[in-house]
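K.L.:
Next input, structure requested:
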Amino acid sequence: MDDQVLDAICERLRQRLYIGGSEILRIGYPIDKMIFIVRGNLESTGKDGSVNLSGGDICGEELLMWCLEHTPLQNNSKRFRRTGQRAISSRTVRCTGSVEAFSLQAADLEEVTRLFSRPLRNPRVQGAIRYESPYWRTWAASCIQVAWKYRKKRLQRSATTE
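P.N.:
The predicted structure is shown next:
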């Protein structure tokens, strides 16, 4: 992933702590965020069964595909979306214990996909997203987590030097 795209994502990430039993996504409801799991375990349940997610995994990645499909390549494009329209979750994601994660809100993800629509539409990136390579997903989550931590350190250093 391009460093500019990673920086844009890191600027918008929020660190979150979820307690056991809380629902992050619910089946049939709009997806309002993407979650990058740092520590803890989640259970993702859908019509096709149940999957356990842990550190390095991502949930809500359907939102990224939805944003890419609904973001025009140019600002003057005729592809418009009604306000409030979002991707609908096909799974319920519930915490099985305490979970530390980074959250990327839907509006922030829409902004990133709008700003960087061309690099994110690269066929290689699209293929990795569409075909859900577990290696790619773990690598992307790790890159985002590391970039966020470095950005946080840079901001702390600049705040202490002032």
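K.L.:
Going by secondary structure, Lys153 is in what exactly?
P.N.:
Lys153 is part of helix 134-161, with elements assigned from DSSP states H and E.
K.L.:
so how far is that helix off the chain centroid?
P.N.:
14 Å (Cα atoms, centre = their mean, to the nearest Å).
K.L.:
ok, now which ones touch the residue nearest the centre of the chain?
P.N.:
Nearest to the geometric centre of the chain sits Met34, at 3.4 Å (Cα atoms, centre = their mean). Met34 makes contact with Ile58, Cys59, Gly60, Glu61, Leu63, Leu64, Ser103, Leu104, Leu109, according to Cβ atoms under 8 Å, 6 or more residues apart in numbering. Glycine gets a C-beta too; all of them are placed from N, C-alpha and C.
K.L.:
which SS state does it fall under?
P.N.:
Here Met34 is strand, with the state taken from DSSP: H, G, I helix; E, B strand; the rest coil.
K.L.:
Settle this for me: Tyr18 is touching Arg94, isn't it.
P.N.:
No - Tyr18 is beyond contact range of Arg94, at 9.5 Å (criterion: Cβ atoms under 8 Å).
K.L.:
what touches both of those two?
P.N.:
In contact with both Tyr18 and Arg94: Ile24, using Cβ under 8 Å, 6+ apart.
K.L.:
If Met34 is in a bridge, with which residues?
P.N.:
Beta-bridge partners recorded for Met34 (DSSP bridges): Leu104.
K.L.:
From Ile24, how far out is it?
P.N.:
In this view, Met34 and Ile24 are 10 Å apart by Cβ to Cβ, to the nearest Å.
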